[in-house]
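In: Quick one, structure for this:
(2 chains)
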Amino acid sequence: AQSVTQLGSHVSVSEGALVLLRCNYSSSVPPYLFWYVQYPNQGLQLLLKYTSAATLVKGINGFEAEFKKSETSFHLTKPSAHMSDAAEYFCAVSDGGATNKLIFGTGTLLAVQP
Amino acid sequence: DVKVTQSSRYLVKRTGEKVFLECVQDMDHENMFWYRQDPGLGLRLIYFSYDVKMKEKGDIPEGYSVSREKKERFSLILESASTNQTSMYLCASTRGPAGNTGELFFGEGSRLTVL
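Out: Numbers count the residues shown, from 1 in each chain, chains lettered A, B, ... in the order given. Predicted coordinates for the structure are as follows:
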């Protein structure tokens, strides 16, 4: 069965510093992988997705993620954090079935310090 | 602009009350989902529907039911609310199998408090 593990429920960085949010997946089939962001009191919105094309995926707001099959990882990065990046981030994997249900990680809350 | 609309952003109910959470999407999506979000647990799937009048249980269906009478509307029902159902509820939708890469479109959530 597919699953994702997000290491670190809370991450704190300084404004301008590198953001690295970790996600490892388990999948018996070639996965579709996603990163979603949730700003306070809002629903989730898609940051980026990997669907077996390029392994380096660029998303919105300067975020990107690299699919590494050998490491079963899909870590999210941004070179320079901005205060507006403070939010909760969720990694997800598609189950690959007919309905393509998403299985979510437990989330990482990113704090950005001035 | 595509949209998933949840009718109630905040609700406060009493234990034992029947609660309806409504969700409407305007994207003609076949699949609709109800998730529950709790701190430290991420999103857990309650029920999903892949067609009108069709439904399947997710990971935590106990205490919940759903209704999908029209393609655009998916309702979550708590027959007898309990305090452990206090949570954020998120509705989402996506296309059917053809051309579906799994991207979900989410509503803004309904925060339910059961007293």
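In: Next one: the residue most central in space within chain B, what pLDDT does it get?
Out: Nearest residue to the geometric centre of chain B (CA atoms, centre = their mean): residue B:34, 2.6 Å. Residue B:34 is assigned 96 on the pLDDT scale.
In: roughly how far apart are it and residue B:62?
Out: 13 Å (CB to CB, to the nearest Å). Placement of C-beta: from N, CA and C, glycine included.
In: One more: residue A:80?
Out: Residue A:80 is 45 Å from residue B:62, by CB to CB.
In: Quick check: residues of chain A near chain B?
Out: A:9, A:32, A:34, A:36, A:41-46, A:49, A:51, A:90, A:94, A:98-102, A:104-107 (CB under 8 Å from any CB of the partner chain).
In: and for stretch B:52-64, what are the contacting residues?
Out: Stretch B:52-64 has contacts (CB atoms under 8 Å, 6 or more residues apart in numbering or on different chains) with A:99, A:101, B:33-34, B:36, B:44-50, B:66, B:68-71, B:76-80, B:82, B:85.
In: hmm, which of these are the buried ones?
Out: Buried residues within the contacts of stretch B:52-64, defined by neighbour count using 16 or more other CB atoms under 10 Å in any protein chain shown: A:99, A:101, B:33-34, B:36, B:44-50, B:66, B:68, B:76, B:78, B:85.
In: Could you identify the helix or strand that succeeds the helix or strand containing residue A:93?
Out: Using DSSP states H and E, the element containing residue A:93 is strand A:87-94. Next helix or strand after strand A:87-94 toward the C-terminus (DSSP H and E): strand A:102-104.
In: Contacts for that following strand, please.
Out: A:2-4, A:34, A:36, A:90-95, B:35, B:42-44, B:102, B:104.
In: Please save the CA atoms from the next helix or strand after that strand in PDB.
Out: Counting by DSSP H and E, the next helix or strand C-terminal to strand A:102-104 is strand A:108-113. The C-alpha trace of strand A:108-113 is given here as PDB (Å, rounded to 0.1, in the frame of the first residue of the first chain):
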ATOM      1  CA  THR A 108       5.000  20.000   8.400                       C
ATOM      2  CA  LEU A 109       4.300  23.400   9.900                       C
ATOM      3  CA  LEU A 110       6.800  25.900   8.600                       C
ATOM      4  CA  ALA A 111       7.600  29.000  10.700                       C
ATOM      5  CA  VAL A 112       9.700  31.800   9.200                       C
ATOM      6  CA  GLN A 113      11.500  34.000  11.600                       C
END
